Each structure stands twice: as C-alpha cells, then as structure tokens.
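Enquirer: Okay, predicted coordinates and the sequence, questions at the end:
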Amino acid sequence: MEGTGPPDFADFAESAYASLLRTARLLTGDPHAAEDLVQAALVKVYLRWGGAHRWDSPQAYARKVVVNLYATWRRRRWHTEVVRPGNDSAPAPDTHDMAGGADARLELARALAGLPRGQRAVVVLRFYEDLSVEQTAALLGCSPGTVKSRTNRALERLRATGALAGYAGDGRAGDGRAGDGRAGNGYAGTGRGA
C-alpha cells in the first residue's frame, strides 16, 4: 500500500476498519450503509492525518468521526439511498458473533433499527463499545444526563419488544418499572422511586 497516503495511515485504516465497520453496522442496521459510513469517516480521518500526533488515540478519533457522520446523515444526500431492513437476501458474515447466535443477533439488529437515532447511538456506544456515561456524552456532545435518559428509554423500548429476553438484567422484580439493571434508579432526591 505504498504511496496511498501519509505514513502509517494505510496500516491504521487496515487495522481499524473491522472495528469501525462493526460499530457502523450496529448504528445503521444496514451493512451497505455501514460500509459507506466507514469509508466516508476514513476519508475525513485521512484528510486530518497530519495532525494525528495530537490525538490521544487515532482509533477513538475515527470512532468519533463515524458517530458524528451517522448523527448528521439526515442532512446528507446519499443517506436517502439506504436499503430498508429486511430486504437483504443474507446478512454479511461476521466472524465475531457478539449476540451469541445468528437468530439472536438478527433479532437484536431489528430491535436496534427500531430505535430513534440518538437512542441507538447511545446503546451501541454504552453496551457494544463499552464506553462510560461520561465518554459517551463527550463523544456525542451532550450531557451525561441525556445519555442516561436515552439509555433508559432505549432499554425500555428494547424490553417492550422482547429483544432483550435471555440477556442479563432483562427481568424486573418488584414494582415492574423499567431500568437498566444498575444500582440506583435515577430518582434519588425527587420523592419518586424508593
């Protein structure tokens, strides 16, 4: 890959591509749109590669570009050419099966596709990318409270569809109120909850 760009960019793009593609596929729900998204993100990273020495992590920067491009897709003309979920003859093979089985993975992908963009981005970053609330908020340019509320609403919707059946923390004991299975109910000091 000599002559394809600044030093080490080709190596970076080759090593980061699979990870960025998995994230983009979870965000978009469409393997073809995900490839377009990653390609557009890598072009943006390439154009700024000269300043890569100032980045804490080129991988984190590229992930942020993917998420930011995904968030602005509605304003992009090529976004209108997205294939509708379910029209693919077969899902693209994925060598690392995060969902456990093909059926569970497809069901989870359909459920994610049904979430609003902001909620889907939060779920992917929090639970797939394993980012903290603060890291997710910084990446999305919103407050930690927004990340928490979007996470809660997304998990409520996913539970309501049954998409989380069989995953840890999907059952509720007690008052039946949906939450994310973590300590604290988000209502501390409001007179609600306890």
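Expert: Good, I have the coordinates.

Enquirer: Would you check that residue 115 makes contact with residue 158?
Expert: Yes: with contacts counted by CB atoms under 8 Å, residue 115 reaches residue 158, the gap being 7.4 Å. In short, each C-beta sits where N, CA and C put it, glycine included.

Enquirer: between those two, what contacts are shared?
Expert: Applying CB atoms under 8 Å, 6 or more residues apart in numbering, one finds that residue 115 and residue 158 are jointly contacted by residue 123.

Enquirer: where does this protein have low pLDDT?
Expert: 1-7, 74-102, 104, 166-194 (pLDDT under 70).

Enquirer: try 90 this time
Expert: 1-8, 26-30, 33, 48-57, 71-114, 117, 127-130, 138-141, 158-194 (pLDDT under 90).

Enquirer: residue ranges for the helices of it, please.
Expert: 9-28, 31-47, 58-71, 102-113, 117-123, 133-140, 144-161 (DSSP state H).

Enquirer: And for the closest residue in space to residue 151 that isn't next to it in sequence, the neighbour number?
Expert: Counting by CB to CB, 6 or more residues apart in numbering, residue 151 lies nearest to residue 122, which is 5.3 Å off, once chain neighbours are set aside. Look at residue 122: counted by other CB atoms under 10 Å, it has 29 neighbours.

Enquirer: what separates residue 122 from residue 24, distance-wise?
Expert: For residue 122, the distance to residue 24 equals 16 Å [CB to CB, to the nearest Å].

Enquirer: I'd like to know how far residue 129 sits from residue 19.
Expert: 9 Å.

Enquirer: shared neighbours, these two?
Expert: residue 63.

Enquirer: one step back: for the helices of the chain, which one ends up most surrounded?
Expert: helix 117-123 (a mean of 21; mean count of other CB atoms under 10 Å).

Enquirer: what's that one in contact with?
Expert: Identification of contacts with helix 117-123 by CB under 8 Å, 6+ apart yields 26-27, 29, 67, 70-71, 112-113, 115, 136, 140, 147, 150-151, 153-155, 157-158.

Enquirer: related to what we said a few turns ago, how much space is there between the residue nearest to residue 151 and residue 153?
Expert: From residue 122 across to residue 153, the span is 9 Å (CB to CB).

Enquirer: now swap in residue 117 and tell me
Expert: The spacing between residue 117 and residue 153, counted by CB to CB, is 13 Å.

Enquirer: Please apply the same query to residue 35.
Expert: Taking CB to CB, one finds residue 35 at 29 Å from residue 153.

Enquirer: cool, and residue 160?
Expert: Counting by CB to CB, the gap from residue 160 to residue 153 is 11 Å.
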